[in-house]
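Undergrad: this one's structure only:
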């Protein structure tokens, strides 16, 4: 199963501390372990919300809000893991280095939907189109 592991924290603390060289080293070592174990499919850190925008859909209206965002939970980065279960993803999450200067960070683990999860939920023609799109994306990145 693929699991999205989101690194989240309060927006009110964004930009208050810069990662140290030691934190970059710890995170790179962690990523190397994930890759060596064959469980990391991808992952990136994200630029601060001061450079972000939210597109808001509300009762047929669309608006755009420019950052920074001071929401309770913002995403700072993510990993995509390929693991046999959420329990295994949790074990990897527990090994993630924690920045002692950012005590409110947390990881959220979310199983990603697979095409087989959608069988019976979508009309067959739409499901076939989604499968073609998924295959096209796979071949673009191989």
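TA: Nice, I can see it. Source: prediction; values computed, not measured.

Undergrad: C-alpha from now on. contacts and neighbour counts both.
TA: Fine.

Undergrad: can you give me the strands in the chain?
TA: Secondary structure of the chain, counting by DSSP state E: strands at 2-9, 40-45, 53-58, 61-66, 74-82, 106-111.

Undergrad: compile the ones you listed into JSON lines and extend it with columns for mean neighbour count and mean pLDDT.
TA: Below are the strands of the chain laid out as JSON lines (neighbours: other C-alpha atoms under 10 Å; pLDDT from 0 to 100):
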{"stretch": "strand 2-9", "mean neighbour count": "21", "mean pLDDT": "95"}
{"stretch": "strand 40-45", "mean neighbour count": "14", "mean pLDDT": "96"}
{"stretch": "strand 53-58", "mean neighbour count": "11", "mean pLDDT": "96"}
{"stretch": "strand 61-66", "mean neighbour count": "10", "mean pLDDT": "97"}
{"stretch": "strand 74-82", "mean neighbour count": "20", "mean pLDDT": "95"}
{"stretch": "strand 106-111", "mean neighbour count": "17", "mean pLDDT": "96"}
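
Undergrad: which of the ones you listed sits closest to residue 24?
TA: Of all the strands of the chain, strand 40-45 sits nearest to residue 24, with 11.3 Å by C-alpha to C-alpha.

Undergrad: turn the strands of the chain into CSV, including distance to residue 15.
TA: Supplementary listing: the strands of the chain in CSV, determined by distance: least, C-alpha to C-alpha, whole Å:
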stretch, distance to residue 15
strand 2-9, 12
strand 40-45, 14
strand 53-58, 17
strand 61-66, 16
strand 74-82, 11
strand 106-111, 17
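
Undergrad: and residue 122, which of those strands is closest to it?
TA: Judging these by C-alpha to C-alpha, what sits closest to residue 122 is strand 106-111, at 19.4 Å.

Undergrad: and that closest one, which strands flank it?
TA: strand 2-9 (antiparallel) (DSSP bridges).

Undergrad: give me the below-cutoff pLDDT ranges for this protein.
TA: Residues of the chain meeting the criterion pLDDT under 70: 103, 142.

Undergrad: where do the helices sit along it?
TA: 21-36, 86-94, 124-140 (DSSP state H).

Undergrad: flag every buried residue along the shortest one.
TA: Burial within helix 86-94, assessed by neighbour count using 16 or more other C-alpha atoms under 10 Å, is assigned to 89-90, 92-93.

Undergrad: right, I'll leave it there.
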